[in-house]
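Student: Pasting the sequence and the predicted model now:
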Amino acid sequence: MKIRIYGNSVRIRISKSELSEFTLHGILEEKTNFGGSALSYILQKNKEIITLDATFANGTITMSVPENQAQEWADTEKVGLSHYKDLEGSERLFILLEKDFKCIDNTGMEDQSDNFENPLHVC
């Protein structure tokens, strides 16, 4: 599971095996340790919500997916889910959940063998 934060946006990408685990268990969690503290990020299904949501508390970013949308997304070729969350004032947070495709990032550091086939590019 990868997370990208840029301005008022947060994006999570997941691989094929992570999507299988998420579909089966309803939750994925990762942690980046900085020594004295850590940043955690969680992707979870939620029966109580109707739109994609994200929160931040106690060093943890939690992205919640409506359960019915999570299943539809997992079962189809649909690439991602997105939502703009209204914040205080006129600010908004853009939330994006995507399947991670091969050859999206030009990096030799990552093993992309578990990523989804990229329909627009041949590696």
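Tutor: Noted; the coordinates are in hand.
Student: where does L96 land in three-state SS?
Tutor: Under DSSP: H, G, I helix; E, B strand; the rest coil, L96 falls in the strand class.
Student: show me what contacts it?
Tutor: S9, V10, R11, I12, G80, L81, S82 (CB atoms under 8 Å, 6 or more residues apart in numbering). To be clear about C-beta, it is placed using only N, CA and C from the backbone, and glycine gets the same treatment.
Student: Which of the helices or strands spans the third one?
Tutor: This means R11. R11 is part of strand 9-14, with elements assigned from DSSP states H and E.
Student: buried ones in the helix or strand following that strand?
Tutor: Next helix or strand after strand 9-14 toward the C-terminus (DSSP H and E): helix 16-25. Across helix 16-25, burial judged by 16 or more other CB atoms under 10 Å covers E18, L19, F22.
Student: mind listing what the second one touches?
Tutor: Read it as L19. L19 touches A74, K99, counting by CB under 8 Å, 6+ apart.
Student: please redo it, this time with the cut-off set to 6 Å
Tutor: With contact taken as CB atoms under 6 Å, 6 or more residues apart in numbering, L19 is in contact with A74.
Student: hey, where'd the strands end up in this protein?
Tutor: Counting by DSSP state E, the segments of the chain that form strands are 2-5, 9-14, 27-33, 38-46, 53-57, 60-66, 80-86, 92-99.
Student: and the fourth one, what does it pack onto?
Tutor: If I follow you right, that is strand 38-46. strand 27-33, strand 60-66 (3 or more CB pairs under 6 Å, 6 or more residues apart in numbering; DSSP states H and E).
Student: rerun that using 10 Å as the cut-off
Tutor: Counting contacts by 3 or more CB pairs under 10 Å, 6 or more residues apart in numbering; DSSP states H and E, strand 38-46 packs against strand 2-5, strand 9-14, helix 16-25, strand 27-33, strand 53-57, strand 60-66, helix 67-75.
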